[in-house]
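Asks: sequence and computational prediction follow.
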Protein chains: 2
Amino acid sequence: MKADLDALMEARGLDGLIAWVDEVYSPPVDYLTNGAHITQGLVIVKRGAAPLLVANPMEVEEAAKSGLEVVTLTDLGFYDLLETLKDREQATVQAWGRAFERAGLPEGALGLYGTADVHKAIALVRAIESALPQYRFFAETGLKGRDLFAEAYSTKGDDELRRLRSVAERTDEVLQATWDYLASHQLDGDRVVNAQGRPLTIGDVKRFVRRALLDRGLEDTDMIFAQGRDAGFPHSRGEETADLVAGLPIVFDLFPREFGGGFFHDVTRTWALGYARPEVEATYAEVMDAFDVAVEAYRPGMATKDMQIAVLDFFEGKGHATSRSTPGTNEGYTHSLGHGIGLNIHERPGIGHLSPDTFQPGNVITIEPGLYYPARELGVRIEDSMWIDASGQLLPLTRFKKDLVIPLERGE
Amino acid sequence: MKADLDALMEARGLDGLIAWVDEVYSPPVDYLTNGAHITQGLVIVKRGAAPLLVANPMEVEEAAKSGLEVVTLTDLGFYDLLETLKDREQATVQAWGRAFERAGLPEGALGLYGTADVHKAIALVRAIESALPQYRFFAETGLKGRDLFAEAYSTKGDDELRRLRSVAERTDEVLQATWDYLASHQLDGDRVVNAQGRPLTIGDVKRFVRRALLDRGLEDTDMIFAQGRDAGFPHSRGEETADLVAGLPIVFDLFPREFGGGFFHDVTRTWALGYARPEVEATYAEVMDAFDVAVEAYRPGMATKDMQIAVLDFFEGKGHATSRSTPGTNEGYTHSLGHGIGLNIHERPGIGHLSPDTFQPGNVITIEPGLYYPARELGVRIEDSMWIDASGQLLPLTRFKKDLVIPLERGE
């Protein structure tokens, strides 16, 4: 949670942190500016103090929406430095140094964060450490799963939950709209056609979904709409030009975010058009049971891995290979149970059988068991996003129904 | 141009470069993989050798579309390293080291490039330099305008031009569709209303444009559709809830890119609905003249600044303040004339009066003079994207007409 940032800095011996945005959407800047749409600048947080936002003069109005104290590059004398030094790198280094001082950091250990040009970041940090040796930059890879923002992001405050809930509601509307769109088609044998008899393709559906998202202020970040054999590969996006076929399973994994960058939702439904083949129906029932096993295993504060272990035990008991029983398998239950979501599609806690995390109030997570048998044209995944309230209860964010078959009329 | 990469590495004393993608769209990886949609991995280019693509095993099919040699993390023994070392950071460092060797780089000076998590990048580079001291990482800030990829991007090859031209054609279609959409409305006094008499808002237009882009495989990256006073601020996006008003200037700056990341187009039209106020008409005529001054000033190989200087001379001769005559002005001609476009919205060459660049075959640039008087509700900008062919000719990419007034019928 944002309130943890001071403690997270202290644990790392950090005096301050800097979140950077440079033309590309940068989650920690969104996080610290409360969603203001700044395209260039820094947020500087001195441990124990209020953040300072350094903005481009052209973006002061937007910067003010953050509620943070704002200084501009002009205030910092950047343009004078440029004139005097005739060197954009050195002017930038000096202006950053002035900004650190302005934020109450005349020296110390800092961390630089954000999504941006990594080459430029490495060079800037070196240039600052060389020209302003009173600063040194701390860095951790995050590959141990515990970097500073990853820990802060893992529990959400009320403002974040409000945005997450709004994205969830709008995503539910898009699922309903997509269901209705598919249901407006007809069967011609096992072909799925529109009123004019034209076959419906995966590309048609994706275009419909992207428009439905846009109409609600959301953007697609590369949905999966994959049928049959492709549904059996958890990573396959689905072939745009493929015609939809009745009876086969369709894995529809939708993970949109606020338009232009922001909070994500993540939901998967498996649908069959007109009817489901018997094997699809049976597999669907098993995955539904696994979903219930996961939710019923939940206890406040438990190790997340124990939820995945309950699901692994369940699937292995039914005779399926899993990523525990058969590491690297691409048949059976091949992935972990879920993950946190927020300003990033994959956050803490992870819900895998090797995860070190525990469930905490404020977590917003996915639960997404699945079974995959690509050689049998079979793939089923069911995913809801859920959240844990202050009392430790696990509650749904996704509300959309979990029905397998979308009934279609048969054309004459 | 891509063919220049070896020379650009040599000029910097680099033995190799690494382009990195880690869940977020990363331009240099798109560049080196010829548009393959890889979400995680590295492209390693040894100077003088063909690139090697290191991909996630789940993305090998997509990786193959790059036409590059592909190795997976499995091939590199990453999962065995993880088991042995029980440390994801060290396993990653060792796997990257194996990948460098596989690419023919047992040691040397490397550069890391891409859009990604900057904190993780800094930590990874330090971890590699510490565990594998045979590698050292070169970095330049790019603030001098001449970093390696910026130089390579500045001239486009045939494949890149093909994609850029396709984006240009689709953007032209969207301009026409938007013109037609606006023209389908009516005037009620100076209000712009639909057939049911409901006022048309800027939000309505932006939603229309975003759908029109999506239908053509493009995405909006934060268009400007700003009228009146807002049009007078080059950076204002326009207020979603504002009703459109006849007679005022509307600055419509559209810079979409290929859906999910890729090549940009960049075009601006200034429109007035129904009619233009006389001052808008006069200002529009001056900006059109400035556009012609810019194009007529062009000579193959010239310094880009001389094109901007021609426009500055023209506007100053007409009595307007400019960023040369009055640095920091927010009235008159307040910005530079243009910039390169490609996989990034702002590339080399820059066309400002201090730019060190020259025009070269393969450049794809914008030319975008404008005049801004926010206090008088006045802003006009006209922008085309253009390119320079092998013979040095400056040719249009944008084809859409440059008309100011969109005629509207008057409701009864």
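Replies: Great, that's in hand.
Asks: got the contact list for the residue most central in space within chain A?
Replies: In chain A, the residue lying closest to the centroid (CA atoms, centre = their mean) is A:I345, at 1.3 Å. When contacts are counted by CB atoms under 8 Å, 6 or more residues apart in numbering or on different chains, A:I345 touches A:221, A:255, A:257, A:264, A:266, B:23. Any C-beta I mention is one placed from the backbone N, CA and C, and that applies to glycine too.
Asks: if we use 10 Å, what do you get?
Replies: Residues in contact with A:I345 (CB atoms under 10 Å, 6 or more residues apart in numbering or on different chains) are A:221-222, A:255, A:257, A:264-266, A:339, A:366, B:23.
Asks: out of these, which are buried?
Replies: Neighbour counting by 16 or more other CB atoms under 10 Å in any protein chain shown classes A:221-222, A:255, A:257, A:264-266, A:339, A:366 among the contacts of A:I345 as buried.
Asks: which secondary structure state does whatever residue of the stretch 251-400 of chain A ends up closest to chain B sit in?
Replies: With CB to the nearest CB, the shortest gap between the stretch 251-400 of chain A and chain B falls at A:G260, namely 6.1 Å. Secondary structure, DSSP: H, G, I helix; E, B strand; the rest coil: A:G260 is coil.
Asks: excluding chain neighbours, what is closest to it?
Replies: Leaving aside its sequence neighbours, A:G260 sits nearest to B:D222 (CB to CB, 6 or more residues apart in numbering or on different chains; 6.1 Å).
Asks: thought the one you found was touching B:F255?
Replies: Yes: applying CB atoms under 10 Å as the test, B:D222 and B:F255 come out as touching, 8.0 Å apart.
Asks: ok, longest helix in chain A?
Replies: Counting by DSSP state H, the longest helix found in chain A is helix A:158-183.
Asks: which other helices and strands contact that one?
Replies: helix A:202-214, strand A:218-219, strand A:250-254, strand A:257-258, strand A:267-273, strand A:364-367, strand A:384-388, strand A:405-406 (3 or more CB pairs under 10 Å, 6 or more residues apart in numbering or on different chains; DSSP states H and E).
Asks: turn these into a markdown table, columns for distance to B:F233.
Replies: Formatted as a markdown table, those follow (distance: least, CB to CB, whole Å):
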| stretch | distance to B:F233 |
| --- | --- |
| helix A:202-214 | 26 |
| strand A:218-219 | 26 |
| strand A:250-254 | 37 |
| strand A:257-258 | 24 |
| strand A:267-273 | 39 |
| strand A:364-367 | 37 |
| strand A:384-388 | 39 |
| strand A:405-406 | 49 |
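Asks: with mean pLDDT as extra columns, can I get these in CSV?
Replies: Formatted as CSV, those follow (pLDDT from 0 to 100):
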stretch, mean pLDDT
helix A:202-214, 96
strand A:218-219, 96
strand A:250-254, 97
strand A:257-258, 97
strand A:267-273, 98
strand A:364-367, 98
strand A:384-388, 98
strand A:405-406, 98
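Asks: tell me which of these sits nearest to B:R170.
Replies: Proximity to B:R170, assessed across these by CB to CB, is greatest for helix A:202-214 (14.1 Å).
Asks: picking up where we left off before, mind listing what the residue nearest to A:G260 touches?
Replies: Contact analysis of B:D222 by CB under 10 Å, 6+ apart lists A:25, A:37, A:39, A:259-261, B:206, B:237, B:253, B:255-256, B:345.
Asks: okay, those in a markdown table with distance to B:T84 next?
Replies: Converted to a markdown table, the contacts of B:D222 look like this (distance: CB to CB, whole Å):
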| residue | distance to B:T84 |
| --- | --- |
| A:Y25 | 37 |
| A:H37 | 46 |
| A:T39 | 44 |
| A:F259 | 45 |
| A:G260 | 43 |
| A:G261 | 39 |
| B:K206 | 54 |
| B:R237 | 52 |
| B:D253 | 54 |
| B:F255 | 49 |
| B:P256 | 48 |
| B:I345 | 45 |
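Asks: which among these end up buried?
Replies: A:25, A:37, A:39, A:259, A:261, B:206, B:237, B:253, B:255-256, B:345.
Asks: so which of the contacts of A:I345 would you say is closest to B:E89?
Replies: B:E89 lies nearest to B:E23 out of the contacts of A:I345, by CB to CB, at 17.7 Å.
Asks: on that earlier part again, got the contact list for the next helix or strand after the longest helix of chain A?
Replies: Note on helix A:158-183: by DSSP states H and E, the next helix or strand toward the C-terminus is strand A:186-188. Residues outside strand A:186-188 that contact it (CB under 10 Å, 6+ apart): A:192-195, A:197, A:199-200, A:246-247, A:273-275, A:407-412.
Asks: tell me where the stretch 51-200 of chain A has strands.
Replies: Using DSSP state E, counting those that start in this stretch, the strands of the stretch 51-200 of chain A run over residues A:52-55, A:69-72, A:108-113, A:115-117, A:135-138, A:186-188, A:191-193.
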